[in-house]
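S.K.: What follows is a protein structure lacking sequence information:
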């Protein structure tokens, strides 16, 4: 994914401008992203904790 | 009207998937065991390359916690990557339609959905997901989530085979081998067949056409065939188009319909046979196949009967049809729709060729019931047989309590610890489904998305959470799910329904692997005969199904009686 992004950026300065603008818009939404990434990430951490808790049973 | 041809079509679809699964199961077992296969000359070097690049020693067997941790970490990374792709799809290539990035809650839902093998779609494929998101995001996860399910069964099988062993296998090797040797070759083959039969495979944004009345149409195009293949074989179910397999670009003819509907269950059954060969207990696992097939065939037959009864209100109005064609694709009709609806809800597939919300109430209830049993008929690749084995363990445990002997299954003693883990695996489903349904049925924020009130409205909520937590992914329609409440809670349901049972089953594997392998004695309950099949069906219906009966009674069952009373 990263090489593809870089490829698009280098293809045209105009793309770079659009990309930067969109990134700014994206940043304004960062709280929502943080929340959902934390929710997903937290769930996976909880599953790992569950595995260790089950290991302790018996 | 019920017809012999209809019964024959349903019987052919259901039985063909089992027949084809038998050789595939033997092959899958060889793949799990690392035995030689005819693809070795091509794929061994590729497999080795992956291990070298990742620094993995495929011979190193992991303990169950290590295996489960690898599974969790791998899927967590998959979730983060897919979330990023969906949020940033406007910045990524292959976006000929110019779609904006998905909203945060939708990206969360979709990423969780595809990582958990659910493929619930709160979005319309042709109106929200770029070609890159479809190919690099969804299709990739279709392979990886299916292979993840298979690893669970592979680990459990090793635990039953081991005699005072230690490890349950190597997660990375199981994942790589299942993907490389089974899913990729089969999917490439099926995709080529589907392209040959007219399924669209294109990177262009759209095609223009002029209709018979002279109006112009813009028809969205996608690389559909390649996704359709793994969507069915991987028991995923997420369509490229919103209408899923009712769309002629995904499913253009009765022949593709038969091939695709058989593909829904074939690898789920194959995992049953693979498990049987791997644990050297083919007869015992054949009993599980029979029990699962009887339940699936009975529910599917019930759907067919329900779909051939005209609604009394339509009869009274003089406009009754002999078949319920509402929400069905006229190219396929009732038998083909039922022959798809049964397998897709019995497995954790969730693709549809007809709209489930428009089926008769009892059919809708049966669809929910099939999912609520825990997606074991035959369920996902590996995840289905794993939960079925858990059910079998509970069955021998119940029998053991009745006769006062320590229960055994496949040569391993089943003791308190395994039953505790089994109950965690089994009970997370009603907790997620009924808990969220109860809240969703009263919360104003949730009810905003509901288009129907009364029992059908409750059915929509119950179906949504059932589909999510059981990792099925089909939808009942009538629910506007692309809203923060629904996307978030359905996502949580999917995660809980996938990974809590996965961890619990691996914990069972860890508990079993260290135990000695016992030879059958006179006190061992035979687990390969009709008596055990009956006991197992009873346990599945009581433990898996009965806890959902009150909710079903308030939804589809009430709606059925309302319909008979001419109220609906």
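M.R.: Perfect, thanks for sending it. Here the structure is a predicted model, which means the values were calculated and not measured.
S.K.: how close does residue A:57 get to chain B?
M.R.: Distance from residue A:57 to chain B, counting by Cβ to the nearest Cβ, to the nearest Å: 6 Å. (Glycine included, C-beta is placed from N, CA and C.)
S.K.: Quickly note the distance from that residue to residue B:510.
M.R.: 11 Å (Cβ to Cβ, to the nearest Å).
S.K.: Please say which of those two ends up with more neighbours.
M.R.: Taking neighbours as other Cβ atoms under 10 Å in any protein chain shown, residue A:57 and residue B:510 compare with residue B:510 leading, 26 against 12.
S.K.: so which helix or strand takes in the more buried one?
M.R.: Using DSSP states H and E, residue B:510 maps to helix B:484-513.
S.K.: any bit of that helix sitting next to chain A?
M.R.: Yes. Using Cβ under 8 Å from any Cβ of the partner chain, helix B:484-513 reaches chain A at B:488, B:491-492, B:495-496, B:499-500, B:502-504, B:506-507, B:510-511.
S.K.: Show me what that helix is packed against.
M.R.: Contacts defined by 3 or more Cβ pairs under 8 Å, 6 or more residues apart in numbering or on different chains; DSSP states H and E place helix B:484-513 against helix A:30-56, helix B:64-87, helix B:104-115, helix B:140-161, helix B:383-403, helix B:416-440, helix B:444-447, helix B:454-469.
S.K.: just so I know, which of those helices lies nearest residue B:564?
M.R.: Closest of the helices and strands packed on helix B:484-513 to residue B:564 is helix B:454-469, at 12.9 Å (criterion: Cβ to Cβ).
S.K.: Now residue B:151: closest residue in space, sequence neighbours ignored.
M.R.: Spatial nearest neighbour of residue B:151, chain neighbours left out: residue B:174 (4.1 Å); criterion: Cβ to Cβ, 6 or more residues apart in numbering or on different chains.
S.K.: where do the strands sit along chain B?
M.R.: Remark: strands assigned in chain B by DSSP state E are B:206-210, B:216-220, B:408-409, B:412-413.
S.K.: Determine which of the ones you listed approaches residue B:180 most closely.
M.R.: strand B:412-413 (30.5 Å).
S.K.: Residue B:117 contacts residue B:348, doesn't it?
M.R.: Yes. Residue B:117 is within contact range of residue B:348, at 6.4 Å (criterion: Cβ atoms under 8 Å).
S.K.: Mutual contacts of the two, please.
M.R.: Shared contacts of residue B:117 and residue B:348, defined by Cβ atoms under 8 Å, 6 or more residues apart in numbering or on different chains, comprise B:235, B:380, B:383, B:471.
S.K.: Let's see if you can find the most crowded of those.
M.R.: Busiest of the shared contacts of residue B:117 and residue B:348 [other Cβ under 10 Å] is residue B:235, holding 38 neighbours.
S.K.: any idea how far that residue is from chain A?
M.R.: To chain A, residue B:235 is 21 Å away according to Cβ to the nearest Cβ.
S.K.: so what's that residue up against?
M.R.: With Cβ under 8 Å, 6+ apart, residue B:235 has these contacts: B:117, B:146, B:149, B:264-265, B:267-268, B:347-349, B:379-381.
S.K.: how does it look with 7 Å?
M.R.: B:117, B:146, B:264, B:267, B:268, B:347, B:348, B:349, B:380, B:381 (Cβ atoms under 7 Å, 6 or more residues apart in numbering or on different chains).
S.K.: And these, which two are furthest apart?
M.R.: B:117 and B:264 (13.2 Å).
S.K.: what's the burial count for residue B:189?
M.R.: 12.
S.K.: meant to ask about residue B:318, not that
M.R.: Residue B:318, neighbours per other Cβ under 10 Å, totals 6.
S.K.: if I look at it, how far off is chain A?
M.R.: Taking Cβ to the nearest Cβ, one finds residue B:318 at 53 Å from chain A.
S.K.: quick one, phi psi at that residue?
M.R.: phi 70, psi 20 (degrees, to the nearest 10).
S.K.: Now do it against residue B:327, distance only.
M.R.: Distance from residue B:318 to residue B:327, by Cβ to Cβ: 22 Å.
S.K.: Kindly state the pLDDT recorded for residue 29?
M.R.: In the absence of a named chain, this looks at chain A. Residue A:29 carries a pLDDT score of 63 in this model.
S.K.: wrong one, I was asking about chain B
M.R.: We note a pLDDT of 98 for residue B:29 in this prediction.
S.K.: Report the separation between residue B:391 and residue B:381.
M.R.: 18 Å.
S.K.: So between residue B:117 and residue B:348, which is more surrounded?
M.R.: residue B:348 (36 against 32).
S.K.: show me the contacts for the more buried one.
M.R.: B:117, B:235, B:375, B:379, B:380, B:383, B:470, B:471, B:472.
S.K.: Just give the number of residues close to residue B:312.
M.R.: 15.
S.K.: what residues are up against the nearest residue to it once chain neighbours are set aside?
M.R.: Using Cβ to Cβ, 6+ apart and skipping residues adjacent in sequence, the residue nearest residue B:312 is residue B:566, 5.3 Å away. In this structure, residue B:566 makes contact with B:312, B:313, B:316, judged by Cβ under 7 Å, 6+ apart.
S.K.: cool, residue B:94 as well?
M.R.: Per Cβ under 7 Å, 6+ apart, neighbours of residue B:94: B:130, B:131, B:132, B:203.
S.K.: again, but for residue B:236
M.R.: Applying Cβ under 7 Å, 6+ apart, the residues near residue B:236 are B:117, B:119, B:142, B:145, B:146, B:230, B:349.
S.K.: and with 6 Å instead?
M.R.: Counting by Cβ atoms under 6 Å, 6 or more residues apart in numbering or on different chains, residue B:236 touches B:119, B:142.
S.K.: Would you mind measuring from it to residue B:259?
M.R.: Note on residue B:236: its distance to residue B:259, by Cβ to Cβ, is 16 Å.
S.K.: Enumerate the residues of the stretch 301-450 of chain B near chain A.
M.R.: On the criterion Cβ under 6 Å from any Cβ of the partner chain, chain A has as its neighbours in the stretch 301-450 of chain B the residues residue B:417.
S.K.: Which part of the stretch 301-450 of chain B gets nearest to chain A, residue-wise?
M.R.: Using Cβ to the nearest Cβ, the single residue of the stretch 301-450 of chain B nearest to chain A is residue B:417, 4.3 Å away.
S.K.: That residue against residue B:511, yeah?
M.R.: Yes. Using Cβ atoms under 6 Å, residue B:417 is in contact with residue B:511, at 5.1 Å.
S.K.: contact partners of stretch B:294-308?
M.R.: B:1-2, B:14, B:323-324, B:334, B:338, B:341-342, B:346, B:360, B:362-363, B:366, B:370, B:377.
S.K.: Please identify, among these, the one with the most neighbours.
M.R.: Counting by other Cβ under 10 Å, top hit in the contacts of stretch B:294-308: residue B:346 with 32 neighbours.
S.K.: hang on, the earlier thing: using JSON lines, please lay out the residues of helix B:484-513 next to chain A together with pLDDT.
M.R.: Putting the residues of helix B:484-513 next to chain A into JSON lines (pLDDT from 0 to 100) gives the following:
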{"residue": "B:488", "pLDDT": "97"}
{"residue": "B:491", "pLDDT": "98"}
{"residue": "B:492", "pLDDT": "98"}
{"residue": "B:495", "pLDDT": "98"}
{"residue": "B:496", "pLDDT": "98"}
{"residue": "B:499", "pLDDT": "98"}
{"residue": "B:500", "pLDDT": "98"}
{"residue": "B:502", "pLDDT": "98"}
{"residue": "B:503", "pLDDT": "98"}
{"residue": "B:504", "pLDDT": "98"}
{"residue": "B:506", "pLDDT": "98"}
{"residue": "B:507", "pLDDT": "98"}
{"residue": "B:510", "pLDDT": "97"}
{"residue": "B:511", "pLDDT": "97"}
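S.K.: mind putting the residues you listed in TSV, distance to residue B:288 included?
M.R.: What follows is the residues of helix B:484-513 next to chain A, written out as TSV (distance: Cβ to Cβ, whole Å):
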residue	distance to residue B:288
B:488	36
B:491	31
B:492	31
B:495	27
B:496	25
B:499	23
B:500	22
B:502	19
B:503	22
B:504	19
B:506	19
B:507	21
B:510	22
B:511	20
